[in-house]
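A.B. asks: pasted the sequence and its predicted model underneath.
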Amino acid sequence: MSAGIRTYLELMRYGNCFMAGFAAVIGTLIAFNILISGPLSSDFAGAFPFLNAGLVFLAVFLVSGAGNAINDYFDIRIDSINRPERPIPSGRVKAKEALYFSYLLFALGTLLAFSINSICGLIALFNSMLLILYAKTLKGTPLLGNLSIGYLTGSVFLFGASVFGLGGVKALSVLFLLAALAITAREIVKDIEDMEGDRQEGANTLPLRIGAKKAGYLAVLIGLLAVTLSPLPYLLSILGSRYLYLVFLADLGFLAAVIQLLVRNNPTKSSKMFKIAMFFALIAFIAGV
Ligand SMILES: CC(C)=CCC/C(C)=C/CC/C(C)=C/CC/C(C)=C/COC[C@H](O)COP(=O)(O)O
Ligand SMILES: CC(C)=CCC/C(C)=C/CC/C(C)=C/CC/C(C)=C/COP(=O)(O)OP(=O)(O)O
Ligand SMILES: [Mg+2]
């Protein structure tokens, strides 16, 4: 490895990996809480699985990092226009090294997932293959690429809950839906932001296909659907009243992101607002346990 550890962490976008791993452990915590005392309680009894929760965090951290690294490997040309400061276009990491590094992370993360149980392993294996497919081709297909990232990010909650088998996956399906909707909306906004570089590269993103305005309306529709459904975890007794108060702040953030896009015509600020709102939503999930 010619580049330093810090550069490889930057290639992994370790901040996103932390957030994703943290969200996955929240999934484990919420599923544990539901299966012990909530409306979906089963005959599961026992202490919180700290070791498996740690493996969940590590598996998601590694697979997310692999996804980011291989994404940058296939995005060299687009990123040299849109993001020249990133590790590969800036020359700080060789392209092939980034590719081999991503494969190593995919393998380690998937093996860790299988060490928890077969459902965790299969989710990690499927997600790894989807991340590679996304980086190679799906990213350039209108909406399908955005939906893939929406599923992948939302799946961290299902992955964390799958420590408890299919019962856990079922229990976290609402949180999966909320996250998937929010991320899908943000991905469309990011494609609006990247239209210039994508156009020069001949990428076939949704905004380039239907225009920034219509793509923006679709992103707003999906984002507002997520906001409308956000009380569901409380109404279904999955999360407590503290969730409701805090997710209201997240919803305000989502609405601010919508205003940045529709009124201020600023996709960059809208994308940032989406991310801040998602962070508040994560805090709301924890507070609601
Ligand atoms: C309405 C409601 C309650 C929504 C829930 C929102 C929520 C809790 C979303 C979860 C977000 C999450 C698990 C984020 C992890 C970080 C991550 C991997 C995000 C996916 O980002 C991919 C993106 O392409 C990265 O781009 P950038 O941030 O520009 O590097
Ligand atoms: C549940 C398990 C085991 C893994 C889930 C792994 C996760 C959270 C994946 C979803 C988020 C993620 C890390 C995606 C990586 C690919 C990526 C960076 C997509 C966005 O890339 P582009 O569309 O090229 O946009 P930018 O490169 O400009 O960000
Ligand atoms: Mg990219």
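C.D. replies: Yep, it's here. Ligands and ions are numbered 1, 2, ... in the order given.

A.B. asks: so residue 147 is in which element?
C.D. replies: helix 144-161 (DSSP states H and E).

A.B. asks: same for that helix, what does it pack against?
C.D. replies: helix 14-37, helix 50-74, helix 118-136, helix 166-171, helix 173-193 (3 or more C-beta pairs under 8 Å, 6 or more residues apart in numbering; DSSP states H and E). C-betas here are computed from N, CA, C, even on glycine.

A.B. asks: so for the helix or strand following the last one, mean pLDDT?
C.D. replies: This points to helix 173-193. Downstream of helix 173-193, the first helix or strand assigned by DSSP H and E is helix 195-201. Helix 195-201 shows a mean pLDDT of 84.

A.B. asks: after helix 195-201, next one along is what?
C.D. replies: Sequence order places helix 206-210 as the next helix or strand after helix 195-201, per DSSP H and E.

A.B. asks: that next one near ligand 2 at all?
C.D. replies: No. Helix 206-210 is not in contact with ligand 2 by C-beta under 6 Å from any ligand atom; minimum separation 11.6 Å.

A.B. asks: may I have that helix as PDB, with CA atoms only?
C.D. replies: Extracted in PDB, the C-alpha atoms of helix 206-210 (Å, rounded to 0.1, in the frame of the first residue of the first chain):
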ATOM      1  CA  LEU A 206     -32.500  10.700 -13.600                       C
ATOM      2  CA  PRO A 207     -32.000  14.500 -13.800                       C
ATOM      3  CA  LEU A 208     -30.300  14.200 -17.100                       C
ATOM      4  CA  ARG A 209     -33.100  12.000 -18.400                       C
ATOM      5  CA  ILE A 210     -36.100  14.000 -17.200                       C
END
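
A.B. asks: what mean pLDDT does that helix get?
C.D. replies: Mean pLDDT, computed over helix 206-210, is 95.

A.B. asks: what is that helix packed up against?
C.D. replies: Going by 3+ C-beta pairs under 8 Å, 6+ apart, helix 206-210 lies up against helix 173-193, helix 195-201, helix 212-229.

A.B. asks: I'd like to know which of the ones you listed is closest to residue 25.
C.D. replies: Closest to residue 25 of the helices and strands packed on helix 206-210 is helix 173-193 (C-beta to C-beta; 13.0 Å).

A.B. asks: tell me if that closest one is near ligand 1.
C.D. replies: Yes. Residues of helix 173-193 contacting ligand 1 under C-beta under 6 Å from any ligand atom: 178, 179, 182, 183.

A.B. asks: give the contact list for the first one.
C.D. replies: Pointing back at residue 178 there. 154, 226, 229, 230, 232, 233, 281 (C-beta atoms under 8 Å, 6 or more residues apart in numbering).

A.B. asks: how about the residues of the stretch 1-150 of the chain by ligand 1?
C.D. replies: So far as C-beta under 6 Å from any ligand atom goes, the stretch 1-150 of the chain lies against ligand 1 at 13, 16, 19, 20, 23, 64, 149.

A.B. asks: out of the residues you listed, who's near ligand 2?
C.D. replies: Contacts with ligand 2 within these, counted by C-beta under 6 Å from any ligand atom: 16, 20, 64, 149.
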